[in-house]
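Enquirer: Return atomic coordinates for the entry below.
(one chain, ligands or ions: 4)
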Amino acid sequence: MNLATDRRPLPVHEDGIWPAGLNGALPNLRAHARLARASVGTFLLIAGVLAAAILLLAVGAGRAESGELRLAAPDKLKCIRRIRSGDALLGGIHTGNRPEHLVVQRCDGLWLSLRVRDGSLRMVSIASRMVPKFRPKAKPFAIPDARVAVGRRNIAEAWLIRPTKRYAHGVLGDAIEAGGLAVSSQRTRRRIDLVLEENQVFEDRLARLADVDGDAATDEIIVVQAHVRRGASLAIYGLKGAPGKEYLHLLARTPWLGRANRWLNPAVAADFDGDGRVEIAWVETPHINGVLKVGRLEKAGDGWRLRELAALKGFSNHVPGSRELQQAVAVDFTGDGRPEIVLPTQDRTHIAAVRFDGQQLQVVDTTAIQGVLDSSLQAADIDGDGVGEVWLINRDGLLQAVQPSLNSAGQTPTP
Ligand SMILES: [Ca+2]
Ligand SMILES: [Ca+2]
Ligand SMILES: [Ca+2]
Ligand SMILES: [Ca+2]
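Expert: Ligands and ions are numbered 1, 2, ... in the order given. Next comes the predicted model:
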């Protein structure tokens, strides 16, 4: 079924089965889900309310400009505090994954998993301890608000270390930035550190893991590196060396933005133009006149360079002082099989889908959300129709989904 076109209310079930996407990472969830059956009465109440609400929203949502806005929370479930999409963001940056479930936390603290099966919305309560926190437990020298990225290739985990106050910018909620980067090797579990020069910091909360050099074997590390007088740049590191002798190595970075206190926020990494190579998207100065940029890691002599390919103004993927950095996803909005870069507009009242065709960036879809965005963006295909929805919460705690319009495929230029 299609969330955008099916106007019937969804029947709701509590099926006690954890969605497949997290089984590998969190094997205990299935056992916990069985325990959740004990509170069937509670679920029936929630389920009824949610079913009624989905009917309301299916009829009432009408503010979309070209995509389809679907509100997913009724009055009594209205207050949603957080959303997650299972393991799609383990690496810390969205690469186009589309899990078939969504994890939400209500304002009363209860975590629920949502997905649609056979036309029914199924919900399972989960304990908060089962939801990945990505906190740097037992990791010496981690910065206080570090978020650990979890890899599946050569790097097991990555996180930022060596808290320092030597860069007084505080864009991420405190004046503490990182003076170093640490990873653990998947093969040897050995920890490898990199320490920056005294005039630089990692102005970031996490070191993102994604394969951006195209070897399909290693993850590279995407992180915001700032010079105390010249501002931020987007840096890509690699893990090199034989087992037991690995070291972290700067592959490439963009030029410094030019002045202290200028910052950028990485967005997504995926193959947007269909040429088989992964592009990286980021937003420069997201707080004022944010500019979406796309670049690619390319061979340059014996090394690499991060080549900037295109730029477009009018987007923001971070609020000043907020610790929420993940406000962009890669989802196919046009039905051509290639993802678009999906992120908030500068005023955070719309979600834009931006196509990169190999030459330039173009907005192909803009959808008004209800209220103002106040959460991460998550991509999931909870109705299993093969099309990912973009999920978010506004400042009033209202859970919403933006469904791709899939009506622009005909305009897609053939490379
Ligand atoms: Ca790689
Ligand atoms: Ca590409
Ligand atoms: Ca597309
Ligand atoms: Ca879908």
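Enquirer: wait, isn't Arg229 in contact with Ala260?
Expert: Yes: counting by Cβ atoms under 8 Å, Arg229 touches Ala260, with 5.3 Å between them. For the C-beta atoms, the positions are set from N, CA and C on the backbone; glycine is no exception.
Enquirer: Comparing the two, which residue is more hemmed in?
Expert: Applying other Cβ atoms under 10 Å to Arg229 and Ala260 shows that Ala260 carries more neighbours, namely 17 against 13.
Enquirer: where does the more buried one land in three-state SS?
Expert: coil (DSSP: H, G, I helix; E, B strand; the rest coil).
Enquirer: Do I have it right that it meets Ala232?
Expert: No: assessed by Cβ under 8 Å, Ala260 is found out of contact with Ala232, at 9.6 Å.
Enquirer: where do the contact lists of these two overlap?
Expert: Shared contacts of Ala260 and Ala232 (Cβ atoms under 8 Å, 6 or more residues apart in numbering): none.
Enquirer: Phi, psi for Arg129 please.
Expert: phi -70, psi -10 (degrees, to the nearest 10).
Enquirer: Can you name the residues that contact it?
Expert: Counted by Cβ under 8 Å, 6+ apart, Arg129 has zero contacts.
Enquirer: Ligand 3 versus that one, what's the distance?
Expert: Distance from Arg129 to ligand 3, counting by Cβ to the ion, to the nearest Å: 38 Å.
Enquirer: quick one: that residue and Asp381, what's the gap?
Expert: For Arg129, the distance to Asp381 equals 27 Å [Cβ to Cβ, to the nearest Å].
Enquirer: Is the helix or strand encompassing Val124 in proximity to ligand 4?
Expert: Using DSSP states H and E, Val124 sits in strand 120-126. No: if you take Cβ under 5 Å from the ion as the test, strand 120-126 misses ligand 4, and the best it gets is 12.7 Å.
Enquirer: mind listing what the next helix-or-strand element following that strand pairs with, with the direction of each?
Expert: Going down the chain from strand 120-126, the next helix or strand is strand 149-150, by DSSP H and E. Sheet pairing for strand 149-150, assigned by DSSP bridges, gives strand 155-164 (antiparallel).
Enquirer: Output the strand it pairs with as PDB, restricted to C-alpha atoms.
Expert: Taking Å, rounded to 0.1, in the frame of the first residue of the first chain, the C-alpha atoms of strand 155-164 are listed here in PDB:
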ATOM      1  CA  ILE A 155      36.800   0.100  11.300                       C
ATOM      2  CA  ALA A 156      34.800  -1.200  14.200                       C
ATOM      3  CA  GLU A 157      34.100   2.100  15.900                       C
ATOM      4  CA  ALA A 158      35.100   5.700  15.600                       C
ATOM      5  CA  TRP A 159      34.800   8.600  18.100                       C
ATOM      6  CA  LEU A 160      36.300  12.000  18.900                       C
ATOM      7  CA  ILE A 161      38.800  12.400  21.800                       C
ATOM      8  CA  ARG A 162      40.900  14.900  23.700                       C
ATOM      9  CA  PRO A 163      38.400  17.600  24.800                       C
ATOM     10  CA  THR A 164      39.700  21.100  24.400                       C
END
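Enquirer: Go through it and flag the buried ones.
Expert: For strand 155-164, a neighbour-count test (16 or more other Cβ atoms under 10 Å) marks 155-164 as buried.
Enquirer: Take those and lay them out in a markdown table including distance to ligand 2 and pLDDT.
Expert: A markdown table is the format used below for the buried residues of strand 155-164 (distance: Cβ to the ion, whole Å; pLDDT from 0 to 100):
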| residue | distance to ligand 2 | pLDDT |
| --- | --- | --- |
| Ile155 | 23 | 97 |
| Ala156 | 27 | 96 |
| Glu157 | 27 | 96 |
| Ala158 | 24 | 97 |
| Trp159 | 28 | 97 |
| Leu160 | 28 | 97 |
| Ile161 | 32 | 97 |
| Arg162 | 35 | 97 |
| Pro163 | 36 | 96 |
| Thr164 | 36 | 96 |
